[in-house]
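A.B. asks: my questions are about this predicted structure, shown below with the sequence.
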Amino acid sequence: MKLPINQVADLLIDAKLPWIDEQNIFTSNVTPDEDTTGKTTFIRIQDAVSQLTDHANNLASTISAGVEVQIFFSTDGKINIFDAKVTVLNLFQENGWKVQRPLQPDSTDPDTKQRTVTFYIMKDFHIR
């Protein structure tokens, strides 16, 4: 089974969203050569809190895997951030991911001045 962060990255890549280049979807720290001017939209996907559930005979049969998805939108103003949020929200839900905090307020990165949106999503994976 692929890591949950890789599953989310594949989902975003396969969606072929017109406002993100698949080379700007990261499942680790953003690379040192990443554009720090704010002119590039990129997505960072990280593990979040996961937990074992559905215990029987002291053995868990499910992992509820949590993933954090941060979208840093280009400062060029060409992307409708609300529409992009709704598209990503629907993409996650249609593919079995539960959106934990979909209405987190947007924020602004203090260094690049990019608007950022953060999703916390969770999906159950049966392990037994």
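C.D. replies: Looks like it came in fine. Because the structure is predicted, anything quoted here is derived from the model rather than measured.
A.B. asks: off-centre distance for stretch 76-90?
C.D. replies: Relative to its chain's centre, stretch 76-90 lies at 13 Å (C-alpha atoms, centre = their mean, to the nearest Å).
A.B. asks: how about the lowest-mean-pLDDT helix or strand in the chain: buried residues?
C.D. replies: Of all helical and strand segments in the chain, the minimum by mean pLDDT, DSSP states H and E falls on strand 51-56, at a mean of 84. When burial is assessed from 16 or more other C-beta atoms under 10 Å, strand 51-56 yields no buried residues. For every residue, glycine as well, the C-beta is placed using N, CA and C.
A.B. asks: would you give the sheet partners of that strand, along with the direction of each?
C.D. replies: Strand 51-56 has these partner strands in its sheet, going by DSSP bridges: strand 59-72 (antiparallel).
A.B. asks: I'd like the next helix or strand past the strand it pairs with.
C.D. replies: As assigned by DSSP states H and E, the chain's next helix or strand after strand 59-72 is helix 81-94.
A.B. asks: can you tell me what sits against the least confident helix or strand of the chain?
C.D. replies: For strand 51-56, the external contacting residues (C-beta atoms under 8 Å, 6 or more residues apart in numbering) are 60-64, 66, 124.
A.B. asks: ok, so of those, who is nearest residue 50?
C.D. replies: Nearest to residue 50, judged by C-beta to C-beta, of the contacts of strand 51-56 is residue 66 at 5.1 Å.
A.B. asks: how about the closest residue to residue 63 other than its chain neighbours, secondary structure?
C.D. replies: Sequence neighbours aside, residue 125 is the residue nearest to residue 63 in space, at 5.0 Å (criterion: C-beta to C-beta, 6 or more residues apart in numbering). State at residue 125, reduced to three classes by DSSP: H, G, I helix; E, B strand; the rest coil: strand.
A.B. asks: wait, what's in contact with residue 125?
C.D. replies: Counting by C-beta under 8 Å, 6+ apart, residue 125 makes contact with 1, 4, 62-65.
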